[in-house]
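# Starting from these lines, generate the structure:
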Amino acid sequence: MGFFYTKKSRLRSFKSDLVFVFGSFTSLYQVVNFVTILEWFEKEGFEYQAVIKFSSYWGSVDESIFHALTRRYRLRFFLDVFDFKDFISSLEGSDNVVEVKLNSSKMFPWSSRTVFVVDEGVSVFRTSAVKMYRSWARECRSKNKSPSMSLIRYVTFFHFFRFRDRIFGGIRFSMVETKLGKFYENEDFVNCYKAAIGNIGAHLKFEPDSQATIKNPCIIFLTAPFELLGIIKRSDVADFYKRVERWCNSQGFELLIKPHPADDFRSGGFNFLKSEVPAEVYFDRLDNISGVIGYNSTSLITAKVAYGLAAYNIVIDEASQRKYLDPGVDRVVKNFCVPLELIG
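Below you'll find the model as predicted:
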């Protein structure tokens, strides 16, 4: 990890005392990124105590994952926001406090805390504020809500925060970084990330929901909230999955479907994996996985970069989707994934 001199000095000073690390997250992907930082802290010899406030954005999660993490790391989960705030208030005045935030979070220049920044997912590579707003507005409509701000205000805030973060941003720790327009893999992050996933998988049962055959070479299909986002109609989902299955069978592979947490489709006779388990646990624990298919999914990047699996990104080129597809996201996905056009 490359840090500014002042950040390096501050991190060195932590080794002489206990460090309190905290963050607030809404998805398991974000939690795993947080735990990846804890892995790095241990690797560097830091003594720490960590706290997470968790509130799922996409529905229920397997809480046994939390239990597995608390057994392995010096980590505590808060599900009540008031208990979490009381705990954080008790840290006021302490110098050895590290806050872990998402890339989209506010950064305050007057804060005395050291801040680590982790990615929300592939969306961190977005470059078009207009397309970000369109995607957000579409998501709001799918939940019968209205966007809380106008397009003009959203775009203004987007550019203001981006400028601000260049000056006051935290220490970014992520799997893929950009330098001079090129993508680079962060080996430190990858090693710590895989260790964190291994620790989660070691404590979980990850059998498929259905009686799937997972002894033969197979490909995992990572679904998305296609219906929720207006990409595919509910009545067309089974046919779409059948097209994916036919392509896998034509390549000599069985298909396992890993549903997105917001995807409740479970019919059609397909072999479904548990939606509550991070996809990376399957990448790590199943040694007969030959590749991964998805649609602009963050886990496609982790499959390729961290686990060396072939990653196929489904091409959905309808005009209705092009107005939402961010050019930055499109570029990073094309850099690591093979485009897959499903015919028939």
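
# ok now stretch 241-249, how far from the chain's centre?
Relative to its chain's centre, stretch 241-249 lies at 26 Å (CA atoms, centre = their mean, to the nearest Å).

# pLDDT score assigned to Lys131?
For Lys131, the pLDDT comes out at 76.

# quick one: contacts for the spatially closest residue to it that is not a sequence neighbour?
Sequence neighbours aside, Asp326 is the residue nearest to Lys131 in space, at 4.8 Å (criterion: CB to CB, 6 or more residues apart in numbering). In short, each C-beta sits where N, CA and C put it, glycine included. Counting by CB atoms under 8 Å, 6 or more residues apart in numbering, Asp326 makes contact with Ser123, Phe125, Arg126, Thr127, Ser128, Lys131, Met132, Ser135.

# Give the rounded mean pLDDT of the host helix or strand of Val305.
Using DSSP states H and E, Val305 sits in helix 298-307. Averaged across helix 298-307, the pLDDT comes to 94.

# go on, stretch 184-191?
For stretch 184-191, the per-residue pLDDT averages 91.

# what do you get for stretch 258-269?
Mean predicted confidence for stretch 258-269 is 86.

# Check the separation of the first and last residues in it.
14 Å (CA to CA, to the nearest Å).

# all strands of the stretch 101-250 of the chain, in order?
114-118, 171-172, 176-179, 182-185, 218-222 (DSSP state E, counting those that start in this stretch).

# Relative to Asn144, which of the ones you listed is closest?
strand 218-222 (26.6 Å; CB to CB).

# Okay, angle between the closest one and helix 298-307 too, please.
140 degrees (axes from the mean of the first three to the mean of the last three CA atoms, to 10 degrees).

# from now on call the first residue 636
Sounds good: first residue 636 from here, last item strand 853-857.

# Name every strand pairing with strand 853-857 and say which way it goes.
Its sheet considered, strand 853-857 pairs with strand 889-893 (parallel), strand 924-929 (parallel) by DSSP bridges.

# Please name the residues that touch the closest residue to Tyr768 other than its chain neighbours.
Nearest non-adjacent residue to Tyr768, counting by CB to CB, 6+ apart: Tyr789, 4.7 Å away. Shown in contact with Tyr789 (CB under 8 Å, 6+ apart): Ala764, Met767, Tyr768, Trp771, Pro782.

# quick one: which of the residues you listed sit in helices?
Among the contacts of Tyr789, the members found in helices (DSSP state H) are Ala764, Met767, Tyr768, Trp771.

# any chance of those residues in TSV, plus distance to Gln665?
Listed next are the ones in helices among the contacts of Tyr789 as TSV, based on distance: CB to CB, whole Å:
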residue	distance to Gln665
Ala764	22
Met767	18
Tyr768	22
Trp771	18
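
# which two of those residues lie the greatest distance from each other?
Ala764 and Trp771 (10.3 Å).

# Hmm, Lys766 is touching Gly963, no?
No. Lys766 lies out of contact with Gly963 (CB atoms under 8 Å); the separation is 9.3 Å.

# where do the contact lists of the two overlap?
With CB under 8 Å, 6+ apart applied, the contact sets of Lys766 and Gly963 do not overlap.

# which residue ranges form the helices in the stretch 736-885 of the chain?
764-777, 786-803, 822-836, 872-885 (DSSP state H, counting those that start in this stretch).

# from these, which stretch is densest packed?
With neighbours taken as mean count of other CB atoms under 10 Å, the helices of the stretch 736-885 of the chain reach their highest mean count in helix 822-836, at a mean of 20.

# for that helix, packing partners?
helix 663-678, helix 699-707, helix 914-920, helix 933-942 (3 or more CB pairs under 8 Å, 6 or more residues apart in numbering; DSSP states H and E).

# first to last residue in stretch 915-924, what's the distance?
11 Å.

# hmm, who's touching that stretch?
Looking at what lies outside stretch 915-924 - CB under 8 Å, 6+ apart - the contacts are 667, 828-829, 832-833, 835-836, 839, 841, 849-855, 891, 893, 908, 927, 934, 937-938, 941-942, 944.
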